[in-house]
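Engineer: this is the structure alone, sequence omitted:
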């Protein structure tokens, strides 16, 4: 039997669309054991989420990640029972799908004496999902940047987030599927928008590497996806503006949303939490989370 722990993740962080992600300390836990048939026993949904039944079906993302590793190794996957404890809100922009895929893949690699390894597992799951921004922090932890080469093969790098930065997330009580959030994006952008996006994304990484959070006030601004998704998330634009007026370093749509992420210092935590509480309403949740390391797997 193996136990995998995989962190929640926040992707994009403003301009880092499909490239930048951050692992946060909200851990999906999956126990796996060989069984006569594939099974999924699911508990959870996380803060700010309504209860949702996850069908006991081999089509779930954990089993898909598990089978993908065996396929990459040229082997047939055994049938396996997964027992899942999930505190990550589903379809809220905190990487629940990537966590599930990575959990299944990490367990499969453990069954195979880690023949794939962390780097190949990352490349496999990033290709499986189609974009690496959530998979990379789930695998490596910390703040990650990932990109594809000319053959479409992904590479990633991870760096720690400064310890004094505080991370808050306002999680509304409604789902926003990634497919719906992508559907509102334009098919083309201007050269000016592309330049702004690439320069701000680069500045985001520099701000973290140099522990200069003030740079995030520019680096976290986005023109690529967030303006088009604002209409899908009531109160997003107004609350983001209020948070910036308050003096936070960054306010951004987490992943595809609807969660609103904030980076601030300790002095602004209480006032930022109050604004986020108004944003999510009485049925949502406001989380203060620490940066996390990548997945772990242990025999139990």
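Structural biologist: Okay, I see it. Please read these numbers as outputs of a predicted model, since none were measured by experiment.

Engineer: in the stretch 201-300 of the chain, which spans are strands?
Structural biologist: Along the stretch 201-300 of the chain, counting by DSSP state E, counting those that start in this stretch, strands occupy 250-253, 260-264, 285-289, 296-299.

Engineer: out of these, flag the one nearest residue 127.
Structural biologist: Ranking the strands of the stretch 201-300 of the chain by their distance to residue 127 (criterion: C-beta to C-beta) puts strand 296-299 first, at 20.8 Å. Using the backbone N, CA and C atoms, a C-beta is placed for each residue, glycine as well.

Engineer: list the buried ones in the closest one?
Structural biologist: With burial defined by 16 or more other C-beta atoms under 10 Å, the residues of strand 296-299 counted as buried are residue 297.

Engineer: low-scoring stretches of the protein, by residue?
Structural biologist: Applying pLDDT under 70 to the chain flags residues 45-53, 55.

Engineer: and the residue lying farthest from the centre of it, helix, strand or coil?
Structural biologist: Distance to the chain centre peaks in the chain at residue 36, reaching 32.7 Å (criterion: C-alpha atoms, centre = their mean). At residue 36 the chain is in coil, as set by DSSP: H, G, I helix; E, B strand; the rest coil.

Engineer: now it, what are its backbone angles?
Structural biologist: phi -70, psi -30 (degrees, to the nearest 10).

Engineer: what separation do you get for it and residue 236?
Structural biologist: 47 Å (C-beta to C-beta, to the nearest Å).

Engineer: re earlier: turn the strands of the stretch 201-300 of the chain into CSV, columns for distance to residue 193.
Structural biologist: Formatted as CSV, the strands of the stretch 201-300 of the chain follow (distance: least, C-beta to C-beta, whole Å):
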stretch, distance to residue 193
strand 250-253, 17
strand 260-264, 22
strand 285-289, 31
strand 296-299, 39
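
Engineer: nearest to residue 82 among those would be which one?
Structural biologist: Across these, closest to residue 82 is strand 296-299 (C-beta to C-beta), at 13.0 Å.
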